[in-house]
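A.B. asks: I would like to see how this sequence folds:
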Amino acid sequence: PMAETSGSLERLLAKRARRTFLGRDAELDLLATHLLGGETLVVFVHGIPGVGKSTLLENFAERATGDGARVLAMDCRMIEPTEQGFLGELGRQTGDLVESLEDAVDALTRIDGPVVLAADHYETFGLMDTWLRTRFLPAMPDTVRMVMAGRRPPVSQWRTAPSWAGLVHELPLEPLDREAGAALLAELGIDEESAGRLVAATHGNPLALTLAASAARTHGAVAIRQNEIQDVMQELAMLFLEDVEDGPTREALQCAGVARRITRSLLRAFSLDDRELFESLRALPFVDARRDGLCLHDAVREAMAQTLKASDPERFHACRCRAWRQLRDESRSASRDDVWRYTADMLYLISNPVVREAFFPSDHR
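C.D. replies: Below is the predicted model:
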């Protein structure tokens, strides 16, 4: 009886998960096309924390299993990042004693049909990346494919090595658009007006949307209140900061949240080290280096700014004032081609929500 009940709960949870898996049909189809029917051997799914990488992998595993593939799902956080640790986990998944590459080949060869190794939280498995690329995967039978999901894009060797040319595909996972975000919140019981405000505030981050919906239900109200949004942004900020190990870089990231772009001169205006910290910020997985400076992902920038404003309003306002003065001074001697950039940077510092939405729409990609 207990086993039957457990099975029923499992089916109920799976059904619930499918109902809230919205806005990812294209990505799911792409994974299936590459890993179940094409020549691609490896797919890297990457994106910022909370964007839905694990959920996409879970739904792909269900679809692939239904199509006759055997999916071996691995959580890299739970595996010792050594050859023996990986092989041991592979053996646990297949039910074999796997202590060497030869054992792994034998175990996977005995599986009928295609095999997909799905490695989640791959950012924690950096020590194994070279071994997987140069030793493990080349030794596997041609029925094996692998998908890695993590916060960072693949290292360049996956793209530049001649032997892997055309066999590796990247799938950057973006936040949900306005329509998909609103549909997710509707499934979670949030009214339409609150859903619109919340999608805009979180820039479509699925985890943030789910946390906010949970907070609303916990407080006994369907409508999302501002303090609940702030709680969600605080949680999201802490999740983003997991990628930041040192204190100075964390401080620079929080200050960076007030500006549209971050340059060395802005870091100096914040009284921060513009040399080391600029490079530290550039290396973060949710920061893009562009022609006019470093650009934080929208959800990260919003979370950093809102958290700094709530925890240290004096520091928040000081950063905005310093950024404004620095940009104003630089714009006076800017070339004609750069005037538009300084105009955009200064407009971004205006906190009026109507102005902000007009010039920087929340659903803009």
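A.B. asks: so Glu170 sits in a strand?
C.D. replies: Yes. With DSSP: H, G, I helix; E, B strand; the rest coil as the criterion, Glu170 is part of a strand.
A.B. asks: Can you name the next helix or strand after the lowest-mean-pLDDT helix or strand in the chain?
C.D. replies: When the helices and strands of the chain are scored by mean pLDDT, DSSP states H and E, helix 2-19 comes last with a mean of 54. Next in sequence after helix 2-19, counting helices and strands by DSSP states H and E, comes helix 25-32.
A.B. asks: Can you list the buried residues in stretch 259-269?
C.D. replies: 259-264, 266-267, 269 (16 or more other C-beta atoms under 10 Å). C-beta here means a position set from N, CA and C on the backbone, and glycine is covered the same way.
A.B. asks: Relative to Leu209, which of the residues you listed is nearest.
C.D. replies: Arg260 (23.9 Å; C-beta to C-beta).
A.B. asks: Poorly predicted segments of the protein, please.
C.D. replies: 1-20, 216-228, 352-365 (pLDDT under 70).
A.B. asks: So what sits opposite the closest residue to Met74 other than its chain neighbours in the bridge?
C.D. replies: Excluding the flanking residues, the one nearest Met74 by C-beta to C-beta, 6 or more residues apart in numbering is Ala119, at 4.9 Å. As for beta bridges, Ala119 partners with Met74, Met148 under DSSP bridges.
A.B. asks: surely Ala119 meets Arg145?
C.D. replies: No. The criterion here is C-beta atoms under 8 Å, and Ala119 misses it with Arg145 at 11.7 Å.
A.B. asks: what is in contact with those two at once?
C.D. replies: The contact sets of Ala119 and Arg145 do not overlap (C-beta atoms under 8 Å, 6 or more residues apart in numbering).
A.B. asks: what residues are up against the residue nearest to Met74?
C.D. replies: 74, 76, 125, 146-149.
A.B. asks: could you redo the last one with a cut-off of 6 Å?
C.D. replies: Residues near Ala119 by C-beta atoms under 6 Å, 6 or more residues apart in numbering: 74, 76, 148.
A.B. asks: before we move on, what about Ile48?
C.D. replies: Residues in contact with Ile48, defined by C-beta under 6 Å, 6+ apart, are 286, 297.
A.B. asks: any idea which helix or strand carries it?
C.D. replies: For Ile48, there is no helix or strand it lies in under DSSP H and E.
A.B. asks: Quick check: the residue most central in space within the chain vs Leu132, distance?
C.D. replies: Residue closest to the mean C-alpha point of the chain, counted by C-alpha atoms, centre = their mean, is Ile48 at 2.1 Å. As for Ile48, its distance to Leu132 is 23 Å (criterion: C-beta to C-beta, to the nearest Å).
A.B. asks: again, but for Ser265
C.D. replies: Taking C-beta to C-beta as the measure, Ser265 falls 41 Å from Leu132.
A.B. asks: With Val115 instead?
C.D. replies: 15 Å.
A.B. asks: now swap in Leu198 and tell me
C.D. replies: Taking C-beta to C-beta, one finds Leu198 at 39 Å from Leu132.
A.B. asks: for Arg197, same thing?
C.D. replies: 43 Å.
A.B. asks: Same drill for those two, tell me which one is more crowded.
C.D. replies: The neighbour count for Arg197 versus Leu132, taken as other C-beta atoms under 10 Å, is higher for Leu132 (20 against 16).
A.B. asks: do you know how far that one is from Gly189?
C.D. replies: 42 Å.
A.B. asks: now swap in Asp67 and tell me
C.D. replies: In terms of C-beta to C-beta, Asp67 sits 33 Å off from Gly189.
A.B. asks: ok, now Arg275?
C.D. replies: For Arg275 relative to Gly189 (C-beta to C-beta), the value is 49 Å.
A.B. asks: Repeat that for Leu207.
C.D. replies: Taken as C-beta to C-beta, the span from Leu207 to Gly189 is 17 Å.
A.B. asks: Of the two, give the one with the bigger neighbour count.
C.D. replies: Leu207 (21 against 10).
A.B. asks: Which strand or helix spans the more buried one?
C.D. replies: Under the criterion of DSSP H and E, Leu207 resides in helix 206-218.
A.B. asks: Alpha carbons only: can I get that helix in PDB?
C.D. replies: Extracted in PDB, the C-alpha atoms of helix 206-218 (Å, rounded to 0.1, in the frame of the first residue of the first chain):
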ATOM      1  CA  PRO A 206      11.500  31.200 -13.600                       C
ATOM      2  CA  LEU A 207      12.800  30.600 -10.200                       C
ATOM      3  CA  ALA A 208      12.000  34.100  -9.000                       C
ATOM      4  CA  LEU A 209       8.500  33.800 -10.400                       C
ATOM      5  CA  THR A 210       8.000  30.500  -8.600                       C
ATOM      6  CA  LEU A 211       9.400  31.900  -5.300                       C
ATOM      7  CA  ALA A 212       7.100  35.000  -5.500                       C
ATOM      8  CA  ALA A 213       4.000  32.900  -6.200                       C
ATOM      9  CA  SER A 214       4.900  30.700  -3.200                       C
ATOM     10  CA  ALA A 215       5.400  33.800  -1.000                       C
ATOM     11  CA  ALA A 216       2.000  35.100  -2.000                       C
ATOM     12  CA  ARG A 217       0.300  31.900  -1.100                       C
ATOM     13  CA  THR A 218       2.200  31.700   2.200                       C
END
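A.B. asks: Let me see the residues that make contact with the helix or strand just after it.
C.D. replies: Downstream of helix 206-218, the next assigned helix or strand under DSSP H and E is helix 226-240. Helix 226-240 has contacts (C-beta under 6 Å, 6+ apart) with 49-50, 201, 208, 211-212, 215, 300, 303-304, 306-307, 310.
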